[in-house]
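Q: Predicted structure and sequence below. I'll ask about it afterward.
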Amino acid sequence: MSAQTFRDALAEEEAAERALYNGDAEPYKALWSHTDQVTLFGAFGPCKTGWTELSRTFDWVAHRYQGGTVSQEYNAIVEAVDHAHTVALEHGRVALDGGPERSQTIRVTQIYQRQDGQWRLVHRHGDFAPLDESPPAAG
């Protein structure tokens with residue numbers, strides 16, 4: 001197996017997110033480390049640890065989505081030798097739980113670890129972006 005670049009891993013992750021938004025969790029699940037040490041602080045509320053719990057949660061999320069689109073707006077991409085992380089806004093249009101299509105933005109921090117030459121997700125923290133109530137910049 002050849003070593004995977006982090007940019008390739010990000011492209012795979014973006015494609016897997018698109019599949020998840022259209023009800024297919026399998027490509028996204030394939031990107032994760034399948035250990036008891038993986039963690040998820042999910043945008044829909046679940047805080048889970050361990051591959052069994054995360055796998056079940058990803059299936060549940062995919063089942064909720066009835067079709068949609070998603071794109072990433074990266075605020076930071078940091079790569080080291082065996083660890084990397086991204087900070088991004090995921091902008092999506094989804095039909096959730098059979099409801100009407102709507103927009104959503106999820107703030108996401110993801111942590112990756114290189115395992116056997118491949119980048120694997122080991123943590124995701126996502127939440128729905130609240131209204132920014134900070135004061136405007138001084139002009």
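A: That came in fine, so what should we check first? Numbering: from 1, shown residues only.
Q: What strand or helix carries residue 35?
A: In the assignment (DSSP states H and E), residue 35 maps to no helix and no strand.
Q: tally of neighbours for the nearest residue to it once chain neighbours are set aside?
A: Nearest residue to residue 35, sequence neighbours excluded (CB to CB, 6 or more residues apart in numbering): residue 51, at 6.0 Å. For every residue, glycine as well, the C-beta is placed using N, CA and C. Look at residue 51: counted by other CB atoms under 10 Å, it has 16 neighbours.
Q: Make sure residue 51 is actually in contact with residue 33.
A: Yes - in this structure, residue 51 is within contact of residue 33 by CB atoms under 8 Å, at 7.5 Å.
Q: residues contacting residue 23?
A: 62, 63, 65, 66, 67 (CB atoms under 8 Å, 6 or more residues apart in numbering).
Q: quick one, phi/psi of the last one?
A: Residue 67 adopts backbone torsions of phi 120, psi 140, taken as degrees, to the nearest 10.
Q: Could you list the paired strands of the host helix or strand of residue 104 along with their orientation?
A: In the assignment (DSSP H and E), residue 104 maps to strand 101-115. Strand 101-115 has the following strand partners under DSSP bridges: strand 83-96 (antiparallel), strand 118-128 (antiparallel).
Q: can you redo those strands as a markdown table with distance to residue 43, mean neighbour count and mean pLDDT?
A: Below are these laid out as a markdown table (distance: least, CB to CB, whole Å; neighbours: other CB atoms under 10 Å; pLDDT from 0 to 100):
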| stretch | distance to residue 43 | mean neighbour count | mean pLDDT |
| --- | --- | --- | --- |
| strand 83-96 | 9 | 17 | 96 |
| strand 118-128 | 4 | 18 | 97 |
